[in-house]
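Colleague: Build me a model from this:
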Amino acid sequence: MTTQHTTTPAPDAAAATTATAGPPPLPLSPDPHTSRTRGRTLVGAGALAAFASTMLPWTWTSAFPGNLTIALYPAGLQLLTLTAAVLTAAMLLATAGVPGLRWLTPGGRHSALLLLTLGNLAATWYTAAAIAVELGGVVNFEPGMWIAAAGTLLAVVGALALPTDLPADPPAGADADRPAPGTRQGAPWQRLRRAVAAPPPGPAAPLPGWAEILVICAACAAGLYVFAYGIEAEGGPPFIGFLILAAFAFPALARAGLPRRLSALTVAHRTVTLAATFAAALLFPITQSNEAYTNIAVSVLIFATVALGLNMVVGLAGILDLGYVAFLGVGAYTAALVSGAETSSLGIHVPFWAAVLIGAAVALVFGLLIGFPSLRLHGDYLAIVTLGFGEIFRISVQNLDGDSGPNITNGPNGIPNIPDLKIFGFDLGQPHTVLGFELGRFGNYYLLMLLFTAIVVTVFRRSDNSRIGRAWIAIREDETAARAMGVNAFRLKLMAFALGATLAGMAGTVLAHVEFSVTPESYKFVHTAPPNSAFLLIAVILGGMGTVSGPLIGAALLYLIPAKLQFMADYQLLLFGIALVLLMRFRPEGLIADRRKQLEFHEPEQPSTPTPAALGLGKTEA
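Modeller: Here you go, the predicted model:
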């Protein structure tokens, strides 16, 4: 009989073996090719079902806004689901490498697809909930509504099954969809967090010159369509659904890398970009069939222009001005006094070009008088002084009624019945036909205000790119260091303050004629309706300080949302406060941030090299 002897290793040898092997490797993720195929199939089926559902009725009655009862004719909220389904299908084909569509995803691939499917799910299911609440239960659903809800949910499930996007520069020879060895896919909420927060990866392949110009023109046309749809959308469910989809769609496009690529194209074709943008803005009035929508666009332009002027003071020079709306009031009251209105105490009438120059000059003088003594202060003290100036202006024009002071501004009654403008015999108060298109009163003022906006944008860009603009940025970042480098901080801050006041006064001259009257109550620090200093400051912070498009987008959002959602008027300030808190937490640089702000708030993460233990290789030899 043979005896087998078993040798037990010494304790020190076992410890050495354990130390050499290291910790056990992390479990690898499932086969990415199988997961990818399954996920893309589900996403494609969900997008197809969502698209087909828009061709069917969603409810049986036209009592719900948008009339969702007609087959083969998408309307209202159905258009949002239709648009999201088309974008989802295009992104899906791009991630599959279909020639001609890969330019849609120069950056992230599956993260953008996940955000789009989530946006379609949120907008569609919100529509279902609104129908059930307003019409009295799900019994009011037609088959199209059920198909839309199921299709969008199926697309989200498929998007969650797709692999996570890799960093910008994967190792040579690595699969574009395969996770790094030793990594996990993570829970769905972790993947969603990475999809929203992760920066768009690497640069995209170049396009031919003619294709780049077409992309710029298409982007301007898409921007015009989105803006027109937002203005024309009915208040309540249609506009809320639009906001929900936009809240997911724009981050999805950013995650795909399209805004970064578009920004590079606009830099390379600056002249084409300016011409296309101006042409799209000029075409807006002829796309509107209702003057009320054009009136909203005029107000948005006015407040966006004033916010851009405040951006020069706050965003470039770093001066916290809490009384900026007073300069808008100075320009408006000046234009009203010289407009020839019956209630004007001066009783004179000057041409509009002269009124603009007088209003801008008076606002400039006020800016110098207030800025010269106050700009020697810093921080909170300067903010308090500017806040006091804004309240002093409002109280002063309220008391100049002939009883408490000289009769100049007609006191709290203001100056009503301001006549419409006449420029070179062209009466802006009357409808006119231009190139076969009829422009109403607000269409005329829209084109006039568009010219003023172009002037302010030009002044801002020229100032930002000049030696003075660089000095303003230096003062904003560190005034003490700027002074040590020989920058005359006081003189440059006074220049920024006076220039911002001039631009606000210029916009105020148009505002007086658009609104027919000026009253002191319109120029408070905080009010439920614009204009007010808090509204303008929030627009600058929300859009992105130091940028051109940021304040324009911020002012448009802050004006459109209260105008469309009248039932939330009592909670407007509360909602603005909540929005600011969330913005400071998740995107402190604003919706549109320049490169400097992005680097300041989001430092680029260095890619980590996996350790041998994580790769499961154990100890390596030198």
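Colleague: how about the strands in this protein?
Modeller: Along the chain, the segments classed as strands by DSSP state E run 422-423, 426-427, 432-434, 437-439.
Colleague: any chance of these in TSV, with mean neighbour count, mean pLDDT and distance to residue 539 too?
Modeller: Quick note: C-beta positions are derived from backbone N, CA and C, even for glycine. Output for the strands of the chain, formatted as TSV (neighbours: other CB atoms under 10 Å; pLDDT from 0 to 100; distance: least, CB to CB, whole Å):
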stretch	mean neighbour count	mean pLDDT	distance to residue 539
strand 422-423	12	87	29
strand 426-427	12	85	31
strand 432-434	11	81	31
strand 437-439	15	84	27
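Colleague: between those, which gets nearest to residue 285?
Modeller: Smallest distance to residue 285 across those (CB to CB): 5.7 Å, for strand 437-439.
Colleague: My guess is residue 131 contacts residue 141. True?
Modeller: Yes. Residue 131 is in contact with residue 141 according to CB atoms under 8 Å; the separation is 6.8 Å.
Colleague: neighbour count winner among the two?
Modeller: Neighbour comparison, residue 131 and residue 141: the larger count goes to residue 131, with 24 against 19 (by other CB atoms under 10 Å).
Colleague: ok, now which ones touch residue 208?
Modeller: Residue 208 makes no contacts at all, as judged by CB atoms under 8 Å, 6 or more residues apart in numbering.
Colleague: Low-confidence stretches in the chain?
Modeller: Low-confidence segments of the chain (pLDDT under 70): 1-33, 107-108, 165-205, 595-622.
Colleague: Next one: residue 323 relative to residue 235, how far apart?
Modeller: For residue 323, the distance to residue 235 (CB to CB, to the nearest Å) stands at 32 Å.
Colleague: More neighbours: which of those two?
Modeller: Between residue 323 and residue 235, counting by other CB under 10 Å, residue 323 is the more crowded of the two (24 against 14).
Colleague: Next, the contact list for the nearest residue to the more buried one once chain neighbours are set aside, please.
Modeller: Distances taken as CB to CB, 6 or more residues apart in numbering place residue 390 nearest to residue 323, at 2.7 Å, with adjacent residues excluded. The neighbourhood of residue 390, defined by CB under 8 Å, 6+ apart, consists of 322, 323, 324, 325, 326, 523, 525, 533.
Colleague: is it true that the last one touches residue 328?
Modeller: Right, the one you point to is residue 533. No. The pair residue 533 / residue 328 is not scored as a contact, 9.3 Å apart, by CB under 8 Å.
Colleague: what about these two, which has more around it?
Modeller: Neighbour count, other CB under 10 Å: between residue 533 and residue 328, residue 328 has more, with 33 against 24.
Colleague: I'd say that one and residue 505 touch.
Modeller: Yes. Taking CB under 8 Å as the definition, residue 328 is a contact partner of residue 505 at 7.2 Å.
Colleague: rewinding a little: intersection of neighbour lists for residue 131 and residue 141?
Modeller: 58, 59.
Colleague: roughly how far apart are the closest residue to residue 57 other than its chain neighbours and residue 124?
Modeller: Spatially, and ignoring its direct neighbours in sequence, residue 57 is nearest to residue 142 (4.2 Å; CB to CB, 6+ apart). In this view, residue 142 and residue 124 are 14 Å apart by CB to CB.
Colleague: before we move on, what about residue 386?
Modeller: To residue 124, residue 386 is 47 Å away according to CB to CB.
Colleague: go on, residue 282?
Modeller: Distance from residue 282 to residue 124, counting by CB to CB: 35 Å.
Colleague: Which one's more surrounded, those two?
Modeller: In terms of neighbours (other CB under 10 Å), residue 124 is the more surrounded of residue 282 and residue 124; the figures are 30 against 13.
Colleague: check contacts around the more buried one.
Modeller: Residue 124 makes contact with 50, 80, 81, 148, 149, 152, according to CB under 8 Å, 6+ apart.
Colleague: Could you list the domains of the protein?
Modeller: Domain ranges of the chain: 32-167+199-268, 312-562, per the TED database.
Colleague: residue boundaries of the helices in the stretch 451-600 of the chain?
Modeller: For the stretch 451-600 of the chain, the helices defined by DSSP state H, counting those that start in this stretch occupy 467-477, 479-484, 489-514, 533-543, 549-564, 572-586, 595-601.
Colleague: what comes into contact with the fourth one?
Modeller: The contact list for helix 533-543, computed with CB under 8 Å, 6+ apart, reads 303-304, 306-307, 310-311, 314-315, 321-326, 387, 390, 524-527, 530, 549-555, 557-558, 576, 579-580, 583, 590-592.
Colleague: which of the residues you listed count as buried?
Modeller: Among these, those classed as buried by 16 or more other CB atoms under 10 Å are 303-304, 306-307, 310-311, 314-315, 321-326, 387, 390, 524-525, 527, 530, 550-555, 557-558, 576, 583, 590-592.
Colleague: Please give me every residue in contact with the nearest residue to residue 331 once chain neighbours are set aside.
Modeller: Distances taken as CB to CB, 6+ apart put residue 508 closest to residue 331, at 2.6 Å, once the chain neighbours are dropped. By CB under 8 Å, 6+ apart, residue 508 lies in contact with 327, 328, 329, 330, 331, 332, 333, 334, 335, 359, 363.
Colleague: got CSV for these, with distance to residue 211 too?
Modeller: Compiled in CSV, the contacts of residue 508 are given as follows (distance: CB to CB, whole Å):
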residue, distance to residue 211
327, 45
328, 43
329, 48
330, 49
331, 45
332, 46
333, 51
334, 50
335, 47
359, 46
363, 46
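Colleague: By neighbours, which of those residues wins?
Modeller: Going by other CB under 10 Å, residue 327 tops the contacts of residue 508 with 37 neighbours.
Colleague: Just to check, that one is in contact with residue 499?
Modeller: No. Taking contacts as CB under 8 Å, residue 327 lies outside contact range of residue 499: 10.8 Å.
Colleague: what do the two both touch?
Modeller: residue 367.
Colleague: any idea how far residue 410 is from residue 398?
Modeller: Separation of residue 410 from residue 398 (CB to CB): 10 Å.
Colleague: Can you pick out the residue with more neighbours from these two?
Modeller: Using other CB under 10 Å, the more surrounded residue of residue 410 and residue 398 is residue 410, with 24 against 20.
Colleague: just the helices in the stretch 101-250 of the chain please.
Modeller: Under DSSP H, counting those that start in this stretch, the stretch 101-250 of the chain gives helices at 110-135, 143-160, 188-197, 209-232, 237-256.
Colleague: now the contacts of residue 124 in a markdown table, with distance to residue 272 and neighbour count?
Modeller: Below are those laid out as a markdown table (distance: CB to CB, whole Å; neighbours: other CB atoms under 10 Å):
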| residue | distance to residue 272 | neighbour count |
| --- | --- | --- |
| 50 | 35 | 29 |
| 80 | 31 | 27 |
| 81 | 34 | 27 |
| 148 | 39 | 31 |
| 149 | 43 | 22 |
| 152 | 37 | 28 |
